[in-house]
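Student: sequence first, predicted coordinates after that:
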Amino acid sequence: MLSLKNTTGQNIKTDAWSFFTVCWMLTLLSSSIGRYMNYSYAMTLIAFIVYIIRSRQINFNYINILWGILIGIFPLFNYLVHTPDFLLIDILGYVVSLSGIFAVNEPARRFDGIILYMKLRALIEAFFVILQQFVYPVYVKFAWRILGTWNYDAGGMALSISLSAYIIVFGIGAFLFCKNGKNSVGYMLSVIFCFTALVFTDKRTIMLIALVLCMLVYFINCNQKIRMRRILLLPILVIFLAGFSIWFYRAYGNENAIGRIIETLINISEQKDISNSRNDIHAVAWKLWGESAYTKLFGIGWGEFKQNFNLFKNTSQVHNIYLQLLCETGITGVVCFVSVQLICLFSSVHLFIRFFRENSSRRDLIGFSITGQFVFGVYGFTGNPLYDSTCYLMYFMMITILIVVRRSYRLERRQQ
């Protein structure tokens, strides 16, 4: 009787987690296409509450406590205090992102559905990016029906080409690390397909991130002897990539990611602007931050930059989350944020080193978590991932994976 009761309780908890997972996937989809976001956020919060009730526990550890304090103090508090026209949807986005890192008490294998979803989402996004390039009339028929606020400069099946590229590079990370030991050819073709789409996104930073990820996996997933051979082959590979990039640039110009990377290198050598004319935006952020001793320490308030900056009507963010954090939350905010960010990254790397010789799902998961954190951190220098709900939803899921794998490792050590 007791066994039956325990089994029933476990099944209820499993169903609650499945409900939460499905709601999170729908939230990620709705935020990327800009439709039904209020409904999906509300449903995910309901799923979070149901999961807490069914599991009867909240997962507390120093990582989610630090993030909870950080997000609670800056975005939520400052939205209420400083911004008169704050949107409920902005608050819901951060609350939903944090819900996962407090709710999850699941084994690592329970994330297989989320990993599969990210792979499929990346492939779909890559397909529509390529479709836009080669069969534009067909792409338009899909895009204007699916996307909430679509324009002719959009790409893929997301609100912006930057968002499409961001989703694709996460998918590349999932394919590289979470292969489950099956169908290596299929995974390789999927990565190539996603890379092809990235070329057409015209996003040089994300393209470089994807190249770095592939290079890292190329050297990591082999034994010491093979690794030395690959290191010796590295100069040949670099020469080949450089030659191909130069040919591609001459053949197709700078209307693609490879062309923009080459053009950036040329502009650097000629000491030209490579910031896409964002220096004016950055200058305003620096000016607002330095207005007084108070703003230097605590900033002008979360979300206040777009209230003070009207140089370009279509710009509301700095396109550098660290500079925008400095402007809106001061030295205090940016130091706190970067510190917690680095703590999570170093903790993930530590676990990956521990699991390096294992051929296990938790090693793959923590590798994928590092990938997501790396993408978010590096893209933050040129994009707005901290202010785009799709981006930070995916980032905090990487933190959730870190927490789950770390908890599993600590329980294992206690049992030894």
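Tutor: Yes, it's here.
Student: name the helix or strand for residue 217, please.
Tutor: helix 204-220 (DSSP states H and E).
Student: and for that helix, what's in contact with it?
Tutor: Defining contact as C-beta atoms under 8 Å, 6 or more residues apart in numbering, one finds that helix 204-220 is touched by 162, 165-166, 168-169, 172-173, 176-177, 191, 194-195, 198-199, 201, 227, 230-231, 241, 257-258, 260-261, 264, 356, 371, 374-375, 378-379, 381-383. For the C-beta atoms, the positions are set from N, CA and C on the backbone; glycine is no exception.
Student: could you export stretch 65-77 as CSV, CA atoms only?
Tutor: Presented in CSV, the C-alpha positions along stretch 65-77 are these (Å, rounded to 0.1, in the frame of the first residue of the first chain):
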residue,chain,number,x,y,z
ILE,A,65,19.0,32.7,-4.3
LEU,A,66,21.5,35.1,-5.8
TRP,A,67,19.6,35.3,-9.0
GLY,A,68,16.3,35.8,-7.2
ILE,A,69,17.8,38.7,-5.2
LEU,A,70,19.4,40.2,-8.2
ILE,A,71,16.3,40.1,-10.4
GLY,A,72,14.1,41.1,-7.5
ILE,A,73,16.1,44.2,-6.6
PHE,A,74,16.8,45.6,-10.1
PRO,A,75,14.2,44.8,-12.8
LEU,A,76,11.2,44.3,-10.6
PHE,A,77,11.8,46.9,-7.9
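Student: list the buried ones in that stretch?
Tutor: 66-67, 70-71, 74-76 (16 or more other C-beta atoms under 10 Å).
Student: could you list every helix and strand in contact with the helix or strand harbouring residue 228?
Tutor: According to DSSP H and E, residue 228 maps onto helix 224-252. Under the contact definition 3 or more C-beta pairs under 8 Å, 6 or more residues apart in numbering; DSSP states H and E, helix 224-252 sits against helix 204-220, helix 257-269.
Student: worst average pLDDT in these?
Tutor: Comparing mean pLDDT across the helices and strands packed on helix 224-252, the weakest is helix 257-269, with a mean of 67.
Student: I'd like the next helix or strand past that one.
Tutor: With DSSP H and E, the next secondary element past helix 257-269 is helix 279-289.
Student: related to what we said a few turns ago, which ones among the buried residues of stretch 65-77 lie within helices?
Tutor: Among the buried residues of stretch 65-77, the subset assigned to helices under DSSP state H consists of 66-67, 70-71.
Student: closest to residue 105 out of those?
Tutor: The nearest member of those to residue 105, counting by C-beta to C-beta, is residue 67 at 17.0 Å.
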